[in-house]
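A.B. asks: Attaching a predicted model along with its sequence, questions to come.
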Amino acid sequence: MSEQSVVPIDQILPNKLPLVALMGRPIFPGIFTPIMIGNPVDVKVIDDAVAGDGLIGLVMLQNETETPAITDLYRTGTAAKIVKKINLPAGGVNIFISTLKRFQIKKTLSASNPIVAAVAYLEDEEDDTSEVKALTRALISEMKQISENNPLFSEEMRLNMINIDHPGKIADFIASILNIDKAEQQKILEILNVRKRMEQVLVFIKKEQELLRIQKRIQKEINEKIEKSQRDYFLKEELKAIKAELGMTTDAKSSEYQRLKEKLDAFKFEGEIKEAVDQELEKFSLMDPNSGEFIVTRNYLDVIVNLPWQDPQPETFELKLARDILEADHYGLKDVKIRIVEYLAVRKLRKDTKGSIICLVGPPGVGKTSVGRSIARALGKQFFRFSVGGMRDEAEIKGHRRTYIGAMPGKIIQGLRIVKHRDPVFMIDEIDKMGTSFQGDPASALLEVLDPEQNSSFRDHYLDLPFDISHIFFVVTANTLDTIPPPLLDRMEIIQLPGYIDTEKLEIAKRYLVPKSLEKNGLKKAQVKYTKESLLHIANGYAREAGVRNFEKNLDKIHRKLAKQIVEAEEEAASAGEKAASSEKAETPAAEIGVSGAKTSPAQTPEANIPLKFVINKELIEEHLGKPLFPEDVVKRADRPGMSVGLAWTSMGGDTLVIEATSVPGKEDFTLTGKMGDTMKESAAIAMTVARRLASERYGIAPEWFEKRHIHLHIPEGATPKDGPSAGITMATALLSLFRDRLITDRLVMTGELSLTGHVLPIGGLKEKTIAARRNKAKHIVIPKQNIRDLDDIPDHVKKGVEFYPVERFDEVLALALPD
């Protein structure tokens, strides 16, 4: 572009102009520049203008469109005269224009095809002051700096900028050549005040200078990196030449190859493994170190050499030591310990190092993971744990194929690579929480891992070689068996870990949790003493769940607060000691201080170093933990007609379940609420049928009573889903309590399914339900007669203080719950 001096011709500029829409940027007055026109409508406008006076109006589009109308244009544009027109071979024209003056659209004469408007020409608002002169110099000076550092500015542009004598035109010229957003250029075009226009342009010049500075800095950094790379390359070449002269290994690749070959030869592979490894090693020796495949092959060989290929040593553990370790690490869990010790005895008797697969099932916080660690200690083996909870990709188990970028072995091979032993104890946590997706089913992938008949030649996708993992002792954990696929469950020995009652939590806290928490929080055993009542208060008031995880969290919370008090007391004592020492020094003559050493300050006395001691009682617990989450007086009871208390089993352990029934006048109907599952809804329907039959036959309640009553059965905590076949007798008892308007026996809880003929059917999870009943301070538990065999599995200390009532028919339940 170049500037062209134009003589003022206000008198010959027409008030009516055909308009050409600009899609790129606005064009400023006083510019001589080419424009390419492709729109057929605009081409016709150009042809008509050339045939006439050669004048057109150039206005920028607000929104780009293929068929612009006058409403799509800005209101301010530039009048221009066509100097030359060149027809293009592909259609369209290329014109050279000389822009004359700003104008503003006043009236629409033709809205489109072509656009014609009545215009008013705009004059610059002159401001001939010293400020404008200073701005002119500043613009020229700043642009000179930009043009000198930017090769895109030609010599012609620099000369044109210097030769322009009008301040407004200088601002227009600079605005047209700067790299500014088109909307910002349009704003400059619309500024008539010369001083304001120049100030705005100066702002954009400063921004351009900042961009140039950043560009220079980046260019400098790139150049420095290139120079360093070249220098490093020449130094490496010189080092190669020196090593070659001395007969040393000349490159890292050769030493890496030698290292891998020595390790692989030491394993003395045979058959398929030897053939595959030799091929990979040969391929590695021929590769260029700079190729991507070189890194992939080296990583693959690294995995192979770091795996434990040697056969494991015979096991030498002692059964008594194993039993002592289990007893030392865990309180209670008698059945679990017996099962594990029996398992270990069989291993020792058979002198078999083949792995085993145990599944520990129980609520959170009952010690499943720590039992796995104890098994590893008892066997003297390495322990490796990983979780499969939420896992949705089978490649996490069996690895990725090496054709994928970033491929790696599965968790089994990774674990063996870490422990470097062929017979470790592997714990697979949360096996009941695996998912499936389009990437595969991890549970199905585990079938091969946990199958003793198949895992002797386990083939990881990444390794793609048979590897014997049958020596691994697998310990699997889960909260529930319901979500574990049956084929996977069939491969494991199931050991149930029930929840703890308050007395068990008391012993666990005294033996393990309190010492562990004190050490974690920097406290000494002598500083903190718990009473039996205080620990029971935490168990019953703050941590009533099946496990002891929340119990430990509450202990940590108390100990953190005690640690804070101790540190604050020590700091106060130290501060008081310093003040006392400084005041004593000020009162003592200098000659006395300098005789035989410093005086003993109060902070240095033995009394100052005695640590604070705390006796934790119920009041102190509530001060640190707040009011109990489970107040002692809040026990689930049937305290009005229409209520009964049942027992339920969940993945979190046993729980008590309150059933509520009520009736209101209205049309005969039966409503169920409390987020019941399909099985429980069917149990409720059976309970209602049995209860209505007994109400009519035994208690003389007329059928008309039901015809005029709307009966509603509800289980509180409506946001929690509930399902399972064990609440039939509980719901039927609640309904009969409502029909007879009588309370059921106090502290009585029950569990059992009900048939239409009144038989009480067996249930599962009796041990967990009994623990839940103990936590709820129940005294009487009604159970199905067929579950008597399960009472032998419940420890005596859990059954202590609870009376069990085995029943075969619902009539027996009524005799206990609603005696005549």
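C.D. replies: Right, received. Where do you want to start? Just so you know, these numbers come straight off a predicted model, no measurement behind them.

A.B. asks: Partner strands of the host helix or strand of Thr656, with direction?
C.D. replies: Using DSSP states H and E, the element containing Thr656 is strand 653-665. Strand pairing for strand 653-665, using DSSP bridges, gives strand 643-650 (antiparallel), strand 709-714 (antiparallel).

A.B. asks: Return the most buried member of those strands.
C.D. replies: Among the strands paired with strand 653-665, ranked by average contacts under mean count of other Cβ atoms under 10 Å, first place goes to strand 643-650 (a mean of 24). Using the backbone N, CA and C atoms, a C-beta is placed for each residue, glycine as well.

A.B. asks: what's it in contact with?
C.D. replies: Outside strand 643-650, the residues within contact range by Cβ atoms under 8 Å, 6 or more residues apart in numbering are 363, 636-638, 654-661, 722, 724, 726-727, 729-731, 733-734, 737, 743-744, 748-751, 764-765, 768-770, 772-773, 776, 778, 781, 817.

A.B. asks: For ChimeraX, what selects the buried ones among those residues?
C.D. replies: Selection of the buried residues among the contacts of strand 643-650 in ChimeraX, burial being defined by 16 or more other Cβ atoms under 10 Å:
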select :363,636,637,638,654,655,656,657,658,659,660,661,722,724,726,727,729,730,731,733,734,737,743,744,748,749,750,751,765,768,769,770,772,773,776,778,781,817
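
A.B. asks: In helices only, show me the contacts of strand 643-650.
C.D. replies: Per DSSP state H, helices hold the following members of these: 729-731, 733-734, 737, 768-770, 772-773, 817.

A.B. asks: Can you add distance to Ser112 and pLDDT and give those residues back as a markdown table?
C.D. replies: Listed next are these as a markdown table, based on distance: Cβ to Cβ, whole Å; pLDDT from 0 to 100:
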| residue | distance to Ser112 | pLDDT |
| --- | --- | --- |
| Ile729 | 85 | 93 |
| Thr730 | 81 | 93 |
| Met731 | 78 | 93 |
| Thr733 | 85 | 94 |
| Ala734 | 80 | 93 |
| Ser737 | 85 | 92 |
| Glu768 | 81 | 81 |
| Lys769 | 83 | 88 |
| Thr770 | 87 | 88 |
| Ala772 | 81 | 84 |
| Ala773 | 86 | 88 |
| Ala817 | 89 | 91 |
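
A.B. asks: Serialize these to JSON lines and add fields for distance to Val119.
C.D. replies: Output for the ones in helices among the contacts of strand 643-650, formatted as JSON lines (distance: Cβ to Cβ, whole Å):
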{"residue": "Ile729", "distance to Val119": "95"}
{"residue": "Thr730", "distance to Val119": "90"}
{"residue": "Met731", "distance to Val119": "88"}
{"residue": "Thr733", "distance to Val119": "94"}
{"residue": "Ala734", "distance to Val119": "89"}
{"residue": "Ser737", "distance to Val119": "94"}
{"residue": "Glu768", "distance to Val119": "90"}
{"residue": "Lys769", "distance to Val119": "92"}
{"residue": "Thr770", "distance to Val119": "96"}
{"residue": "Ala772", "distance to Val119": "89"}
{"residue": "Ala773", "distance to Val119": "94"}
{"residue": "Ala817", "distance to Val119": "98"}
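
A.B. asks: quick one: buried residues of stretch 786-803?
C.D. replies: By neighbour count with 16+ other Cβ under 10 Å, stretch 786-803 contains the buried residues 787, 790, 794-795, 798, 802.

A.B. asks: Okay, Ile788 and Val645: tell me how far apart.
C.D. replies: According to Cβ to Cβ, to the nearest Å, Ile788 stands 21 Å off from Val645.

A.B. asks: Repeat that for Leu625.
C.D. replies: Leu625 sits 28 Å away from Val645, going by Cβ to Cβ.

A.B. asks: Pro442 too?
C.D. replies: With distances taken as Cβ to Cβ, Pro442 is found 40 Å from Val645.

A.B. asks: Work out the gap between the strand or helix carrying Ile538 and the centre of the chain.
C.D. replies: Secondary structure from DSSP H and E places Ile538 in helix 532-541. The chain centroid and the centroid of helix 532-541 are separated by 35 Å, computed with Cα atoms, centre = their mean, to the nearest Å.

A.B. asks: Kindly calculate the angle that the very next helix or strand once past that helix makes with helix 532-541.
C.D. replies: Where DSSP H and E defines the elements, the next helix or strand beyond helix 532-541 is helix 549-587. Taking axes from the mean of the first three to the mean of the last three Cα atoms, to 10 degrees, one finds helix 549-587 and helix 532-541 inclined to each other by 130 degrees.

A.B. asks: For helix 549-587, the averaged confidence score.
C.D. replies: Average pLDDT, helix 549-587: 85.

A.B. asks: And for Asp723, the neighbour number?
C.D. replies: 14 (other Cβ atoms under 10 Å).

A.B. asks: Tell me if Leu100 really is in a strand.
C.D. replies: Yes: the assignment for Leu100 is a strand, going by DSSP: H, G, I helix; E, B strand; the rest coil.

A.B. asks: Do a quick rundown of the helices in the stretch 401-550 of the chain.
C.D. replies: Taking DSSP state H, counting those that start in this stretch as the criterion, the stretch 401-550 of the chain carries its helices at 411-419, 442-449, 486-489, 502-508, 514-520, 532-541, 549-587.
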